[in-house]
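**Q** let me see the structure of the following:
(one chain, ligands or ions: 1)
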Amino acid sequence: MKKATIAIDIDDVLADNAAGFVAFSNAQWGTNLRPEDYDEHWAKLWRVDHEEVERRANQLHESGVLNTYRHNDAALPVLKRLSVDYDLIIVTSRRLQVRADTTAWIHKHYPGIFTDETIHFAGIWDTIDAQSIHRTKADVIEALGADYLIDDQLKHCQAVAAAGRTAILFGDYTWNQADTLSKRIVRLNDWAAVQEFFTNEAGR
Ligand SMILES: [Mg+2]
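**A** Residues are numbered from 1 along each chain as shown. Model prediction:
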């Protein structure tokens, strides 16, 4: 029988993006941001226009700082166990510009779990404009036929759940709070909870 597929986000699921991002922003542009201030809507976070976001995004992505982001120690043993029963893929909204850095980082910190072919880029931010913030991973998840998405961004979870798939809203973050969640969205705060969830799925 074909294994079910779990699509996994990188930033703030496998990588400490918010912490790395605000540290870089504070050093580079004199902002005074804390990780809990993070918002993937960078124009809103910095209160600058799309042109300036583009300029800063290029600077950030070309700096190599993404290579220094901390990984989540708790994820690797869970991924190893899940890989026995599931096909694991990455679906990130990072730009194609950082594909090489990103795949190298994944192989370094999560060795043997993903191949270059299983690391997918959703293309949401490749062109930064007013529509970028509204784009979701739903189309890519459909195209890849993933059964589950693990992601810290509410909008991706909502879009995937609306398409009839199961979304795991990862982490208890300032940017992913919600009063109510659809029954196809499960909030799990850490990788131990993810392990427990899939153990229960297997027993259903
Ligand atoms: Mg993320």
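**Q** not counting sequence-adjacent ones, nearest residue to the residue of the chain found nearest the ion?
**A** Proximity of the chain to the ion (C-beta to the ion) peaks at residue 11, 3.8 Å away. All C-beta atoms are positioned from the backbone trio N, CA, C, and that covers glycine. Take residue 11 and drop its neighbours on the chain: the residue closest to it by C-beta to C-beta, 6 or more residues apart in numbering is residue 17, 3.5 Å away.
**Q** mind checking how far that neighbour is from residue 61?
**A** Computed as C-beta to C-beta, to the nearest Å, the residue 17 to residue 61 distance reads 13 Å.
**Q** compare those two and say which one has the larger neighbour count.
**A** With neighbours defined as other C-beta atoms under 10 Å, residue 17 and residue 61 compare such that residue 17 has more, 21 against 17.
**Q** show me the contacts for the more buried one.
**A** Counting by C-beta atoms under 8 Å, 6 or more residues apart in numbering, residue 17 touches 10, 11, 38, 69.
**Q** of those, which pair is most distant in space?
**A** Taking C-beta to C-beta as the measure, the contacts of residue 17 reach their widest spread between 10 and 38, a distance of 14.4 Å.
**Q** can you show me the helices along this protein?
**A** 17-29, 42-46, 50-63, 75-85, 99-109, 138-144, 154-162, 191-202 (DSSP state H).
**Q** okay, those helices in JSON lines with mean pLDDT next?
**A** Output for the helices of the chain, formatted as JSON lines (pLDDT from 0 to 100):
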{"stretch": "helix 17-29", "mean pLDDT": "98"}
{"stretch": "helix 42-46", "mean pLDDT": "94"}
{"stretch": "helix 50-63", "mean pLDDT": "94"}
{"stretch": "helix 75-85", "mean pLDDT": "97"}
{"stretch": "helix 99-109", "mean pLDDT": "97"}
{"stretch": "helix 138-144", "mean pLDDT": "95"}
{"stretch": "helix 154-162", "mean pLDDT": "97"}
{"stretch": "helix 191-202", "mean pLDDT": "95"}
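**Q** can I get those helices in TSV including distance to the ion?
**A** As requested, these are arranged in TSV below (distance: least, C-beta to the ion, whole Å):
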stretch	distance to the ion
helix 17-29	7
helix 42-46	14
helix 50-63	16
helix 75-85	13
helix 99-109	12
helix 138-144	14
helix 154-162	8
helix 191-202	14
